[in-house]
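Asker: Just to be clear, the model below is a prediction. Sequence and coordinates:
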Amino acid sequence: MSIKVNLDIVLSERNMKSKELAEIIGITEANLSILKSGKAKAIRFSTLEAICKALDCQPSDILEYIQD
Amino acid sequence: MNSAKTLYSILNVIIFLLLMGIGLGVFFFLMLLLGIKQDVVNLRVDLINFKTEAMPYVYTVLRLGVYVIFINALWNLRKATKLFLKNDFYNYKLIRVLEISGKLMIISAISAWSIDWISDVFFKFRISIGLSETTLVYLFVIAIGLFLMLISKVLNDAKTMKEENDLTI
C-alpha cells in the first residue's frame, strides 16, 4: 500500500486505546480497525480532523507516503 | 417488490409452457417420422422442400437447440428475479446471471432469425422483404438481451462504488 497509516504508533504514544478513540471521534471500532490495518480506500476530511483533534497531532503524524 | 414477484410467477409459467411445448413437439415429431397415425392433435405442416433425408433432423435439432438456449436465458432471468426479491442487489451472482441471460437471449434470437431466414430461402423458396411481426419479435428479444447486459454492467459499477464507499472511513 502507498499510504501507510501510523495510527497505532500515535495511539501508543498518547496511551490511548482504539476503543476510546473510536468513541471520541464517533466511528465504530470495526471502521477504526479497517483504517489501522490499511484496508480503507479513503478517509473523509471530517474523520481526519476528528482524529487529529482527539490525538492532538498533525495529519502527517498519522499518514505516511511510501514509494512502491 | 410486487413487480418482481409477478415477473417471477410469469417466468415460471413461461418456462413450464416452453418445456411442455418442446416435449410435445418432440413427441409428435417422432410420431410423424415413425409414421404413427394419431387423431389427438391436428398438426399444420408447412410445405418444406428438404433437400436430403437428414435435413428435417438437422432442422429440428437446430430449432430445439435454439429453444433450449432461450429457456436457459429465461432460467437465468428467473434466478436473477429471485435475488431481486431478496433485495440482494450487489451480489456477484446476480450480476453474472443477468449478463448470461442477456447474452443467451441475443444468441437465441439471432440463431432463430438465421434459421428462419435460411429455411425461407432454401426450403420454402421464399424471400421476405420488410419488417414482419416475427422480425420485430426477434429484434425485441435482442433489445431485451442488450438491456439485461446493460443492467448487469450498471449493477457491477454500483457494487464497486458501494464497496469503495463502505471502505471510506
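Answerer: Everything's here; your move.

Asker: Pretty sure B:F29 sits against B:Y59.
Answerer: No. Using C-beta atoms under 8 Å, B:F29 is not in contact with B:Y59; the gap is 10.4 Å. C-beta coordinates here come from the backbone N, C-alpha and C atoms, glycine included.

Asker: Going along the chain, name the helices of chain B.
Answerer: With helices called from DSSP state H, chain B shows them at B:2-33, B:55-85, B:92-118, B:133-166.

Asker: Looking at B:R44 now. What's its pLDDT?
Answerer: B:R44 is assigned a predicted lDDT (pLDDT) of 53.

Asker: Quick one: end-to-end distance for stretch A:6-17.
Answerer: From its first residue to its last, stretch A:6-17 covers 14 Å (C-alpha to C-alpha, to the nearest Å).

Asker: How about stretch A:11-21?
Answerer: For stretch A:11-21, the end-to-end distance is 8 Å (C-alpha to C-alpha).

Asker: Any residues of chain B in contact with chain A? List them.
Answerer: By C-beta under 8 Å from any C-beta of the partner chain, the residues of chain B that approach chain A are B:163-164, B:167-169.

Asker: mind redoing it with 7 Å?
Answerer: B:164, B:167-169 (C-beta under 7 Å from any C-beta of the partner chain).

Asker: among those residues, who's most crowded?
Answerer: B:I169 (22 neighbours; other C-beta atoms under 10 Å in any protein chain shown).

Asker: Assess the claim that it and A:F45 are in contact.
Answerer: No. Assessed by C-beta atoms under 7 Å, B:I169 is found out of contact with A:F45, at 11.3 Å.
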